[in-house]
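1. Dropping the sequence and predicted coords here.
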Amino acid sequence: MGELFADIERNEEPAVLLFDSADPDYFLAHYDITTANAALVNSLPAGLTGFHPWIDIVVRLGKLRAVTISAIRGRARGAGSELVLASDIRFASRERAVLGQMEVGFGAIPGGGPAPWLPCVVGRGRGLEILLGGEDFDGELAERYGYVNRAIPDAEFESFVVRFARRVSTFDRQALADIKHFVNKVSLPADEEFPPQLDAFWQAAARPAFQGRHSKAFEDGFQQRSDVELRLGEYVGQLVERTQTAGVQEV
Amino acid sequence: MGELFADIERNEEPAVLLFDSADPDYFLAHYDITTANAALVNSLPAGLTGFHPWIDIVVRLGKLRAVTISAIRGRARGAGSELVLASDIRFASRERAVLGQMEVGFGAIPGGGPAPWLPCVVGRGRGLEILLGGEDFDGELAERYGYVNRAIPDAEFESFVVRFARRVSTFDRQALADIKHFVNKVSLPADEEFPPQLDAFWQAAARPAFQGRHSKAFEDGFQQRSDVELRLGEYVGQLVERTQTAGVQEV
Amino acid sequence: MGELFADIERNEEPAVLLFDSADPDYFLAHYDITTANAALVNSLPAGLTGFHPWIDIVVRLGKLRAVTISAIRGRARGAGSELVLASDIRFASRERAVLGQMEVGFGAIPGGGPAPWLPCVVGRGRGLEILLGGEDFDGELAERYGYVNRAIPDAEFESFVVRFARRVSTFDRQALADIKHFVNKVSLPADEEFPPQLDAFWQAAARPAFQGRHSKAFEDGFQQRSDVELRLGEYVGQLVERTQTAGVQEV
């Protein structure tokens, strides 16, 4: 993605970038915080902002000259939700989209900075509920909250999104860039909001409470094609009880 | 409430504070501006912020380490609406909740500062309508406007709210506090917004227009268990006409 | 309008200013950018802000002591949408209102500054969609997005709006002005946001891409009582194709 963004930043095209997923169940499940993935991420070249690669992506995404659209079918939780919040426009399949920030259920603040976007997308109260409750939001509720622009019946979803993206792609690139520039002037979160939230996430990830819950979740099927991942919002609400029953000690 | 907040500020618990009411008709009717109550409030010790006791409550509420949830059944007008706006999350009974800021109907700006919250909760236009129109909002309309997070059918209201509060209370306190901190950084009104609005309220309360309307309203059943209180939003729309008919002079 | 505003600014009345239209199809179609109109606008006396006359109107509208209500029946696109966004409160006929910012379809950023209002009215994502997509929003969708406060069934529209305006007009002018002052403190766009956006519009209007599309649209019925104006949102999505088919060259 960093390379794709660099290409757009150099060439000022394409006019529209549409994110979707080939997996019917997942748009983008969430961040992988295993040691293996940490090694992989650490080996990436530094992004243009100098921030951690994931923060680099969400910060650059908000400023990209292209119009960015997330077409959400399946689950977009954690980093998936952060990606769609950093996109300009969010369309969701009414029957199949699931959005959420489940990190609180593991004992952490989300690291990719949903907090700076949410008050200007869904308002302060609903933003606090999304982050403090850690629940799953289906397409219909996500639209009611403003978490997505619109929820479209799944049968019409692809044609709706493609039509909209094609339409915008016929428009003048300078006009699109001017519009985004002036909306960003009054609504883009400041870059410096993001790194302290990732730091707070790593601090949380080092706490025993997080590690106990995380181990138990991995044991139960977290980060695998499992029932736990399909209904992760519900699952994290039971995690403390499960962790305690399993005898994992919290300090 | 000041003592309860001080306790939470010292002890960092409980994790969740849930406001509800034992009265089926009223969550919190409104502020009592009789002389008797003024004497009572003036005898209270100064709050931690140094502001008037009611401003002290709403300002500290927004920053409290606990997650604060208002479970609104019955009427939450004036200071009741201000309390729920200063809460993190607002759930309403679809059939029984009524919210509103009726102060404008008496000739005053609300004193407890709903103006700084509303644009970031319901947007600028709907916020202006709530404050300038002074009408009652039922649960369904309050949800459509974003005045509450969600309106829940009354039959499921208690179980919904209790389930949500219990869920959040199992989460890690530091994670909850981190999330609230970072959302507050981008959406909490500045403390100094509040005192000038209370000053403007007291100035209004000293004007003859306010006093005439207020006297008439007391005469008609204001601040008593009466039809006037039950349908206060509608009543204040008739107040000028009633005041004039009653021969109360406005200067 | 400048004179009407000056009158209100001097006399502090009326308390309520209600904008509606006698034309069943149009609330305010859009700005007229023909040379003839430019000559007319240039002959107007400078407004109080020193800005271009249209920017002068929208900037003063937001600060006007009167409560301003747009009652939208028929089309409010471009400058029509800008007028309603600068109003305090927006009510729409559910069946007959159409709102939109179609400028992007001609190759321009809107010049009257909807960008500074939209994030605080509909949120960042929906604001970007309105401006980048350039589509028509009917009353029902405009309400779902928060683009209008409420969409009212057309049969009840007039009585709803008149009742609301009459109600507010009985309230104390100082209370209304105080409320607007404090909401403006936290949500009124800064004056200086507006002129650069009008500059960007004029720059766009001088580009060949804009001129080709504009000529073609005039040829097809733009700015006349025509099918093109009735369904302008849909039409601008076909404009590039029509321009190319017609052999108009874009550089």
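-> Received, thanks.
2. Can you name the helix or strand that the nearest residue to residue A:131 once chain neighbours are set aside falls in?
-> Among residues not flanking residue A:131 along the chain, residue B:179 sits closest, at 4.7 Å (C-beta to C-beta, 6 or more residues apart in numbering or on different chains). Quick note: C-beta positions are derived from backbone N, CA and C, even for glycine. Using DSSP states H and E, the element containing residue B:179 is helix B:173-187.
3. hang on, the earlier thing: look up the pLDDT of the residue nearest to residue A:131 for me, please.
-> Note on residue B:179: pLDDT of 98.
4. in terms of contact, does it touch residue A:104 like I think?
-> Yes - with contact defined as C-beta atoms under 8 Å, residue B:179 reaches residue A:104; the gap is 6.4 Å.
5. So the two - more neighbours on which side?
-> More crowded of residue B:179 and residue A:104, by other C-beta atoms under 10 Å in any protein chain shown: residue B:179, with 29 against 26.
6. In contact with that one, which residues?
-> The contact partners of residue B:179, taken as C-beta atoms under 8 Å, 6 or more residues apart in numbering or on different chains, are A:104, A:109-110, A:115, A:128, A:131-132.
7. what is the mean pLDDT for stretch A:80-88?
-> Rounded mean pLDDT across stretch A:80-88 is 98.
8. Give me the contact list for that stretch.
-> A:19, A:26-30, A:54, A:57-59, A:61-62, A:67-70, A:72, A:76, A:90, A:99-101, A:110, A:112-114, A:117-118, A:121, A:148, A:180, C:125, C:128-129, C:132.
9. Now which of the residues you listed would you call buried?
-> A:19, A:26-30, A:54, A:57-59, A:61-62, A:67-70, A:72, A:76, A:90, A:99-101, A:110, A:112-114, A:117-118, A:121, A:148, A:180, C:125, C:128-129, C:132 (16 or more other C-beta atoms under 10 Å in any protein chain shown).
10. rewinding a little: could you tell me which residues touch both of residue B:179 and residue A:104?
-> Counting by C-beta under 8 Å, 6+ apart, the contacts common to residue B:179 and residue A:104 are A:110, A:131-132.
11. would CSV of those with pLDDT be doable?
-> Putting the shared contacts of residue B:179 and residue A:104 into CSV (pLDDT from 0 to 100) gives the following:
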residue, pLDDT
A:110, 98
A:131, 98
A:132, 98
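12. Using JSON lines, lay out those together with secondary structure.
-> Shown next, in JSON lines, are the shared contacts of residue B:179 and residue A:104 (DSSP: H, G, I helix; E, B strand; the rest coil):
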{"residue": "A:110", "secondary structure": "coil"}
{"residue": "A:131", "secondary structure": "helix"}
{"residue": "A:132", "secondary structure": "helix"}
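13. Can you tell me which of these comes closest to residue B:45?
-> Closest to residue B:45 out of these is residue A:132 (31.2 Å), distances taken as C-beta to C-beta.
14. Surely the closest one is in contact with residue B:165?
-> No - in this structure, residue A:132 is not within contact of residue B:165 by C-beta under 8 Å, at 10.8 Å.
15. picking that back up, from the contacts of stretch A:80-88, which ones fall inside helices?
-> Counting by DSSP state H, the contacts of stretch A:80-88 place A:54, A:57-59, A:61-62, A:180, C:125, C:128-129, C:132 in helices.
16. if I look at residue A:32, how far off is residue A:138?
-> According to C-beta to C-beta, to the nearest Å, residue A:32 and residue A:138 sit 24 Å apart.
17. That should have said residue A:71, apologies.
-> Residue A:71 is 16 Å from residue A:138, where distance means C-beta to C-beta.
18. which of those two has more neighbours?
-> For the pair residue A:71 and residue A:138, the greater number of neighbours falls to residue A:71 (25 against 18), based on other C-beta under 10 Å.
19. so which of the buried ones among the contacts of stretch A:80-88 are also by chain B?
-> Restricting those to those near chain B by C-beta under 8 Å from any C-beta of the partner chain leaves A:110, A:118.
20. hmm, back to that, tell me the first helix or strand C-terminal of the helix holding residue B:179.
-> Counting by DSSP H and E, what follows helix B:173-187 is helix B:194-205.
21. now the helix or strand following that following helix, how far from the chain's geometric center?
-> Counting by DSSP H and E, the element after helix B:194-205 in chain order, helix or strand, is helix B:208-220. Centre-to-centre, helix B:208-220 and its host chain are 22 Å apart (C-alpha atoms, centre = their mean, to the nearest Å).
22. Tell me the helix or strand right after helix B:208-220.
-> Toward the C-terminus, helix B:208-220 is succeeded by helix B:227-230 as the next helix or strand (DSSP H and E).
23. show me what contacts the closest residue in space to residue A:30 that isn't next to it in sequence?
-> Spatial nearest neighbour of residue A:30, chain neighbours left out: residue A:78 (3.1 Å); criterion: C-beta to C-beta, 6+ apart. By C-beta under 8 Å, 6+ apart, the contact set of residue A:78 is A:29-31, A:100-103, A:110, A:112.
24. Among those, which ones are in strands?
-> The members of the contacts of residue A:78 that map onto strands under DSSP state E are residue A:100.
25. OK, contacts around residue A:216?
-> Residues in contact with residue A:216, defined by C-beta under 8 Å, 6+ apart, are A:239, A:242-243, A:246, A:248.
26. Equivalent analysis for residue A:221, please.
-> Neighbouring residues of residue A:221 by C-beta under 8 Å, 6+ apart: A:227-229.
27. What ranges does the stretch 1-150 of chain A have for its strands?
-> Remark: strands assigned in the stretch 1-150 of chain A by DSSP state E, counting those that start in this stretch are A:16-19, A:26-28, A:67-72, A:75-77, A:89-93, A:98-100, A:137-138, A:150-152.
28. Tell me how many other residues crowd the residue lying closest to residue A:116 once chain neighbours are set aside.
-> Nearest residue to residue A:116, sequence neighbours excluded (C-beta to C-beta, 6+ apart): residue A:189, at 3.3 Å. Using other C-beta under 10 Å, residue A:189 has 23 neighbouring residues.
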